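In: Take a look and give me a structure for this.
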Amino acid sequence: MFGGDLGIYFRASGSNWQAAARPPPEYPAISREQYLRIEQDNDFTISLELWLKGHSAYTHQEVIPRSTMDTTDKPLPSYSELLAKKLKRPPPETKTLRLPQPSKEFLAQKDGSRGNFLIHDFYGCSVTLYPDDTVVKSGRKVHLDEKDALDLAAKLNIPAPRAYEASADSAGIVSIRMDYIEGESLEDLWPDMSEGDRQDICGQLREIISTMQSVESETGVIGSCGGGFFRECRRMGEYTGGPFQDEAGFNNYVTKLIGTTPTDINRALHSQLRTDHRIVFAHGDLSQHNIIVKDMKIAGIIDWEFAGWAPEYWEYVKFFEVQAKNTDWREYAKYIFPQTYYDQLATFQGVLRWGVP
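Out: Prediction:
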């Protein structure tokens, strides 16, 4: 991957390229044409031609002497970060950035002396904890549809924040007041958990998913719980479409491929898509940091902004796309999901490879 697997990053500096990396010996300083040949010869997963074409700031043709390389230790943006910035989308790492969380001592103050506590504040979304043990999630990246999803979760007795009110102001800032879920994220707890505790948590999550997938859309529409847009999170940011009246329309949305996709690959991906799946309730972002655990029980699942009505395979497929700080998390899919969807998973891995960024 450009700037990732290869280990070389390019950034614009005036009219020249400036390289900043510690490339392995087999990849010396190279020109754009040489780089494209390397990418082609080694079958990397991202087409550099797509990235470079039409973006003059990144397509200057020049061999970069190794002596001019910037050897600074300052972290450099990855390919995903650069592309997200170019497309004016949130950086893919935003969901892992958190402020210090309130201590048990702070939460124990129930006499009204406790002040507000900012839990999260990044890229159009802030979460503030109030003395009454509710939080207000607000910002331009917050949507009223999330309350509809939380309401449905409450109706199904899914462990999730209870939503009390939602509003939007004239500037487009949406605010949702909901319960604060006390506990620790599964992401933080996972490394020190015993195998028995891990499988127990996975079993709890399996029951939750089974309950959600038992509820089908009454209209068959694929979109938010409130009948609005379908939202999803991919590696390059957030995507919106629909709502879709049927699965055929949804399939056209998810298989928008780049123009350089070989015809046979395009046809192969489309040929694998079906239109007869059940349309069920899905969270859409079952990352470990969205699963709050207390006393080895799932206290709540948070961040329902991508929840809605989706084909029955959606939760399973997205599980393998969302970020996983603990790399063995995906190996526990067999304990989490009541049903596997191997054909759909293979198809969507192809969509990830060739989909429009």
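
In: alpha carbons only for contacts and neighbour counts from here, please
Out: Fine.

In: average pLDDT across whichever helix in the chain runs longest?
Out: As assigned by DSSP state H, the longest helix anywhere in the chain is helix 195-213. Average pLDDT, helix 195-213: 97.

In: which helices and strands sit right next to it?
Out: Judged by 3 or more CA pairs under 8 Å, 6 or more residues apart in numbering; DSSP states H and E, helix 195-213 is in contact with strand 279-282, strand 297-301, helix 333-336.

In: can you give me the strands for this protein?
Out: In the chain, the strands defined using DSSP state E lie at 10-13, 16-19, 117-122, 125-129, 134-139, 163-168, 174-179, 184-185, 230-234, 237-241, 279-282, 291-294, 297-301, 308-311.

In: a markdown table for those strands, including mean neighbour count and distance to residue 264?
Out: Shown next, in a markdown table, are these (neighbours: other CA atoms under 10 Å; distance: least, CA to CA, whole Å):
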| stretch | mean neighbour count | distance to residue 264 |
| --- | --- | --- |
| strand 10-13 | 15 | 32 |
| strand 16-19 | 20 | 35 |
| strand 117-122 | 16 | 41 |
| strand 125-129 | 19 | 41 |
| strand 134-139 | 22 | 43 |
| strand 163-168 | 16 | 46 |
| strand 174-179 | 21 | 44 |
| strand 184-185 | 20 | 43 |
| strand 230-234 | 19 | 24 |
| strand 237-241 | 16 | 26 |
| strand 279-282 | 26 | 29 |
| strand 291-294 | 21 | 40 |
| strand 297-301 | 20 | 41 |
| strand 308-311 | 28 | 25 |
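
In: Of all the ones you listed, which one comes closest to residue 272?
Out: Nearest of the strands of the chain to residue 272, taken as CA to CA: strand 308-311 at 14.4 Å.

In: Which other helices and strands does the closest one contact?
Out: strand 279-282.

In: hey, C-alpha coordinates of stretch 284-291 in CSV?
Out: Once non-C-alpha atoms are left out, stretch 284-291 reads as follows in CSV (Å, rounded to 0.1, in the frame of the first residue of the first chain):
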residue,chain,number,x,y,z
GLY,A,284,-22.6,-1.3,11.5
ASP,A,285,-19.5,-0.7,13.6
LEU,A,286,-18.9,-3.4,16.2
SER,A,287,-15.4,-2.2,17.1
GLN,A,288,-14.0,-3.3,20.5
HIS,A,289,-13.9,0.4,21.6
ASN,A,290,-17.7,0.5,21.0
ILE,A,291,-18.3,-2.3,23.4
